[in-house]
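> Sequence first, then the predicted structure, then my questions.
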Amino acid sequence: MPFVDKFIGLAPVFVRLLGFFGIAPIFGGKRLPATFTVLLALTLTAALAPVVGGGGLSAETGTSALVTCIIGEALLGLLLGFMVQLVFSGFGLAGQITGLQLGFGIVTLFDPGSESQDSAFGQFYQLAAVLFLLLTDGHYMLIGALVRSFRAIPPGGIHWSEALGPILVTYSAKAIVLGVVIAAPVMAVMFLVNLGHGVLSRLFPQMNIFIVSMPVTIIVGFIVIISCLPLMGEMFGKGFSMSWEGIDAVLRALE
């Protein structure tokens, strides 16, 4: 039956998209209702149907082969979404480091994406990254990356490779470095401020340095953050470029 063959052929496409949207920021994740994520995956599956086809799957395909294909597509979608999530984790790390340097380590907000308490500055950096991505049409680039994935690896055409492990480790390390680099200006200035507080406490022992240091640290920290805002867009751009490179590296490893 043509309808059944078409449905089975597009099932792996839907599963890959659903896995990607289920973990990637902006389009899905836990911030948005699951119904929206499923409907988005269904809509994009229908849009991509003339392009990707069904990978040769039909009603005559064996159950074991179909289940194996579905599981593989789900894992691939999760991997591609994870490469995007890595960058946002780096931005969140930058916010956590910044908050600790400014004395806001105890200030946390509930993050619906991870369903846990997160640094207020971490959420600020992540929301700023989302705005940057939308303003620069990065959401279209995400959809383009998904289309490239189907051209590089058709449904059911995944070839798992040992090269995948080093790729994940490498880009995880790059995300950590990205977070540290973004927070580096605040870290450097706060080191000098704390050094100055130490010198003042030695020169003026009668001064209650703990009362003086807190407002000075906060004011100087915010001045540094505001001064670095023009450079933030460049760092966001580098982070998302790293994400696109990571997606391409995963696709090359699994072709």
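Okay, I see it. Residues are numbered from 1 along each chain as shown.
> only C-alpha atoms for contact and neighbour calcs from this point on.
Noted.
> Against which helices or strands is whichever helix in the chain runs longest packed?
Longest helix in the chain, counting residues (DSSP state H): helix 209-254. Helices and strands touching helix 209-254, by 3 or more C-alpha pairs under 8 Å, 6 or more residues apart in numbering; DSSP states H and E, are helix 63-101, helix 120-135, helix 138-152, helix 164-203.
> and the angle from the last one to helix 209-254?
Read that as helix 164-203. Orientation note: helix 164-203 sits at an angle of 170 degrees relative to helix 209-254 (axes from the mean of the first three to the mean of the last three C-alpha atoms, to 10 degrees).
> returning to what we had before: to residue 40, which of the helices and strands packed on helix 209-254 lies closest?
Residue 40 sits nearest to helix 138-152 of all the helices and strands packed on helix 209-254, at 11.5 Å, using C-alpha to C-alpha.
> Remind me what the closest one packs against, helices and strands.
Based on contacts counted as 3+ C-alpha pairs under 8 Å, 6+ apart, the elements that helix 138-152 packs against are helix 34-52, helix 209-254.
> Now do the SS call for residue 207.
For residue 207, the secondary-structure state derived from DSSP: H, G, I helix; E, B strand; the rest coil is coil.
> check contacts around it.
If a contact means C-alpha atoms under 8 Å, 6 or more residues apart in numbering, then residue 207 has residue 201 as its contacts.
> pLDDT value on it, please?
Per-residue confidence (pLDDT) for residue 207: 73.
> How about residue 168?
Looking at residue 168, the pLDDT reads 91.
> Adjust the sequence numbering to begin at 865 for everything that follows.
That works, and once the first residue is 865, the last one we named lands at residue 1032.
> Distance to residue 1045 and mean neighbour count added to the helices and strands packed on helix 1002-1016, as CSV?
As requested, the helices and strands packed on helix 1002-1016 are exported to CSV (distance: least, C-alpha to C-alpha, whole Å; neighbours: other C-alpha atoms under 10 Å):
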stretch, distance to residue 1045, mean neighbour count
helix 898-916, 33, 16
helix 1073-1118, 9, 16
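> quick one: low-confidence parts of this structure?
By pLDDT under 70, the low-scoring segments of the chain are 865-871, 873, 891-895, 917-926, 969-982.
> Now do the contacts for the residue of it positioned farthest from its centre.
Here the centre of the chain is the reference, and by C-alpha atoms, centre = their mean the most remote residue is residue 1070, at 48.7 Å. By C-alpha under 8 Å, 6+ apart, no residues touch residue 1070.
> Look up how far residue 1077 lies from it.
Taken as C-alpha to C-alpha, to the nearest Å, the spacing of residue 1070 relative to residue 1077 amounts to 14 Å.
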